[in-house]
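A.B. asks: A predicted structure for the sequence below; I have some questions about it.
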Amino acid sequence: MEIGDKFQMTYEVTEAVYQGFLGAFKDQNPLHTQLAFAKEKGFPKVVMHGNILNGFLSHFIGEGLPTKDVIIHAQEINFLKPVFLEDTVVLEAQVKEKIEAVQAIVFKFTFRNQEGVKVARGRIQIGII
């Protein structure tokens, strides 16, 4: 991987993804589970857990790169807009830096929904092991 290399992956926030997150992490916050509460707070639907996007990032690093010899060192994500059930999100990542001394690669990334709206952005550093 070289500076400037770009990667793209598409993910769907399906009922299975949502239920899997609920089952694994037990986060029952009403914003994520109760339509009436979400609407009361100004959202049209329940808002998906932001950390579902972190799961998609993990998949991208573990399965979407040309090598499996990787480990995540650090990641930062900023949530810009809500994501809802049945949304499709496109992850676009670009290599921004290579740190040869510690065999690390830094990506900047964005997630956009099916309407092209940027819903999250951030940075992730991986190590080549």
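C.D. replies: Thanks, I have it.

A.B. asks: and the strands in this protein, which stretches?
C.D. replies: Along the chain, counting by DSSP state E, strands occupy 6-12, 70-79, 88-99, 104-113, 118-128.

A.B. asks: tell me the most buried of these?
C.D. replies: strand 104-113 (a mean of 20; mean count of other CB atoms under 10 Å). For the C-beta atoms, the positions are set from N, CA and C on the backbone; glycine is no exception.

A.B. asks: neighbouring strands for that one, and are they parallel or not?
C.D. replies: strand 88-99 (antiparallel), strand 118-128 (antiparallel) (DSSP bridges).

A.B. asks: distance from the chain centre to that strand, please.
C.D. replies: 9 Å (CA atoms, centre = their mean, to the nearest Å).

A.B. asks: repeat that for stretch 111-126.
C.D. replies: On CA atoms, centre = their mean, the centre of stretch 111-126 falls 7 Å from the chain's centre.

A.B. asks: as CSV, the strands of the chain with distance to Gly62 and mean pLDDT would be great.
C.D. replies: Output for those, formatted as CSV (distance: least, CB to CB, whole Å; pLDDT from 0 to 100):
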stretch, distance to Gly62, mean pLDDT
strand 6-12, 11, 98
strand 70-79, 7, 97
strand 88-99, 13, 98
strand 104-113, 14, 98
strand 118-128, 10, 98
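
A.B. asks: adding distance to Gly23, write the ones you listed out as TSV.
C.D. replies: Shown next, in TSV, are the strands of the chain (distance: least, CB to CB, whole Å):
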stretch	distance to Gly23
strand 6-12	18
strand 70-79	22
strand 88-99	21
strand 104-113	23
strand 118-128	23
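
A.B. asks: what's the closest of those to Pro30?
C.D. replies: Across the strands of the chain, Pro30 has its closest neighbour in strand 70-79 (17.9 Å, CB to CB).

A.B. asks: how about residues contacting that closest one?
C.D. replies: Applying CB atoms under 8 Å, 6 or more residues apart in numbering, the contact partners of strand 70-79 are 50, 53-54, 57-58, 61-62, 104, 119-129.

A.B. asks: which neighbours does that strand have in its sheet, and in what orientation?
C.D. replies: strand 118-128 (antiparallel).
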